[in-house]
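Q: show me how the following folds:
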Amino acid sequence: MANHLMKTTALGLIAACAFVGGAQAGGLERGGYNIDLLFDPGQYVFESGVTYVAPDRTLKNVRDTDTSNPNLGTGAPQGGGNLNSRSNSVDETESYFVPRIGFKANLTEGVACMADYSQPWGAHTKPGTDWAGANQNVETKVNSHNYALTCSYKFDVGPGQLRIIGGGFYQEVDGFKERVVVDPAFLAGIGLTGRTGIGRLDLEGDGYGWRIGAAYEIPEYALRASLVYNSQVKLDNITGTLDLRQVTSTTIENVYGSAAMPDSIEIKLQSGIAPDWLAFGSVKWTDWSQLQRIRFFNSTTNAERTSLDLAYRDGWTVSGGIGHKLNDQWSVAGSVTWDRGTSQGFGAQSDTWIFGTGVSYTPSENVEFRLAGAVSLLTSGSSGQITTGGETYGSDVSYDFGTDLAAAVSTSLKVRF
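A: Numbering: from 1, shown residues only. Predicted structure coming up:
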């Protein structure tokens, strides 16, 4: 029974976790953090996989709420002109891939280590220029690369085994944002013809983080309970450029700033409930509220030049599901996940419900293939001006959005040596 359940365990956890970060989770989450490979009983285990996500978020009733023309003689312009002649509806989302690769080894009795590469954070919206909110966003993209080493030591405690977990990771984050700073019609009216009015901010930074946790396992019942904390990653030296050559400037400015990617705590529980049946669940908290307004300054004058406005609240993700082993080669699983949106009246990150299902094929004890899919419901809401923490956000554009969908598919391969 234990062997049967343990084979189902791997699939169950994949089905529960693969889409939490992938299909429109809150904040900037993409793949998140996942150390489940560390628990695989194999001596040496290699795993690789990729998730493809196709979200479909449509913004409606868009209105440019700051229609003032800029005073170009007083520094960085704020009002970008009246863009309400442009479309009041737009699809802002772009599809994306989330890869992952990892290797785990049992080093000595009770000691195991896992090295992995992942992309925990990311975002890509591209509504373009032909909408009334182009002075807030034309295109925004965030990428991340995470290189981690995690180890554990387990020993007998009561009827099962207690596992102590610790590790560290190095993280790189980069991205850009483009928006219409000044309506090109206004620029043409003052003699600056042939300019798009678009400004572009490019950024990159890196930092280190660590994790610590514990798990208790009773293999006979396929029971495991784990608690893992992942630290924040301080990006103390973000550097980049601000390109306003399509507005009024003739040069590209060097800028700098700082931020921190969030810390998180995740609790996972699984247990065999009948021969060849497994139940699993998880609860995760992510400290997205530390990302509010990220300011950037000129590297020479130290004057504030622009900012990235996020105004997030903390994220909560709750997931549960069932896995079943059909025979020695095939297993199936299904999961339901609720992710609390991080927007609080500014932005389009509302609550998300994710319904996932997956299948695992094991032609031999050393090889396992997985294929899973999910459909997400992105709940409705609106975005406009809010005030939080003494700062005002969203004074430039307002819009609504209905209940939209996201689809995802994930494939992976695991090989044991």
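
Q: test of understanding: give the bridge partners of residue 59.
A: With DSSP bridges as the criterion, residue 59 is bridged to residue 90, residue 401.

Q: count the neighbours of it for me.
A: 27 (other C-beta atoms under 10 Å). (Glycine included, C-beta is placed from N, CA and C.)

Q: ok, now which ones touch the closest residue to residue 392 other than its chain neighbours?
A: Excluding the flanking residues, the one nearest residue 392 by C-beta to C-beta, 6 or more residues apart in numbering is residue 385, at 6.5 Å. Neighbouring residues of residue 385 by C-beta atoms under 8 Å, 6 or more residues apart in numbering: 65, 346, 392-395, 398.

Q: any idea how far the nearest residue to residue 396 once chain neighbours are set aside lies from residue 83?
A: Once flanking residues are discounted, residue 396 sits nearest to residue 66: 4.4 Å by C-beta to C-beta, 6+ apart. Look at residue 66 and residue 83: by C-beta to C-beta, to the nearest Å, they are 10 Å apart.

Q: ok, now residue 124?
A: Residue 124 is 22 Å from residue 83, by C-beta to C-beta.

Q: looking at these two, which one has more neighbours?
A: A count of neighbours by other C-beta under 10 Å puts residue 83 above the other of residue 124 and residue 83, at 26 against 17.

Q: so what's the residue count around the residue lying closest to that one once chain neighbours are set aside?
A: Nearest non-adjacent residue to residue 83, counting by C-beta to C-beta, 6+ apart: residue 64, 4.3 Å away. Residues lying near residue 64 (other C-beta under 10 Å) number 25.

Q: the stretch 251-400 of the chain: strands as residue ranges?
A: Listed in chain order, the strands found in the stretch 251-400 of the chain under DSSP state E, counting those that start in this stretch are 252-261, 264-274, 277-286, 293-298, 304-309, 315-325, 330-339, 352-364, 367-378, 381-383, 386-388, 391-393, 397-401.

Q: so which of those strands is nearest residue 46?
A: Residue 46 lies closest to strand 367-378 among these, at 10.4 Å (C-beta to C-beta).

Q: just checking, what packs against that closest one?
A: helix 2-17, strand 44-56, strand 352-364, strand 404-416 (3 or more C-beta pairs under 8 Å, 6 or more residues apart in numbering; DSSP states H and E).

Q: got CSV for these, with distance to residue 176 too?
A: Formatted as CSV, these follow (distance: least, C-beta to C-beta, whole Å):
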stretch, distance to residue 176
helix 2-17, 29
strand 44-56, 20
strand 352-364, 25
strand 404-416, 23
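
Q: need the winner for burial among these.
A: helix 2-17 (a mean of 24; mean count of other C-beta atoms under 10 Å).

Q: now the helices for the stretch 51-200 of the chain?
A: Taking DSSP state H, counting those that start in this stretch as the test, the helices found in the stretch 51-200 of the chain are 184-189.

Q: remind me which residues of it are low pLDDT?
A: Per-residue confidence for the stretch 51-200 of the chain (pLDDT under 70) gives these ranges: 71-78.

Q: make it 90
A: 68-81, 189-192 (pLDDT under 90).

Q: which residues of it fall in strands?
A: Going by DSSP E, counting those that start in this stretch, the stretch 51-200 of the chain shows strands at 58-64, 90-91, 96-108, 111-118, 123-125, 139-157, 160-180, 198-218.

Q: can you lay out those strands as JSON lines showing distance to residue 251?
A: Output for these, formatted as JSON lines (distance: least, C-beta to C-beta, whole Å):
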{"stretch": "strand 58-64", "distance to residue 251": "29"}
{"stretch": "strand 90-91", "distance to residue 251": "32"}
{"stretch": "strand 96-108", "distance to residue 251": "33"}
{"stretch": "strand 111-118", "distance to residue 251": "37"}
{"stretch": "strand 123-125", "distance to residue 251": "28"}
{"stretch": "strand 139-157", "distance to residue 251": "22"}
{"stretch": "strand 160-180", "distance to residue 251": "18"}
{"stretch": "strand 198-218", "distance to residue 251": "13"}
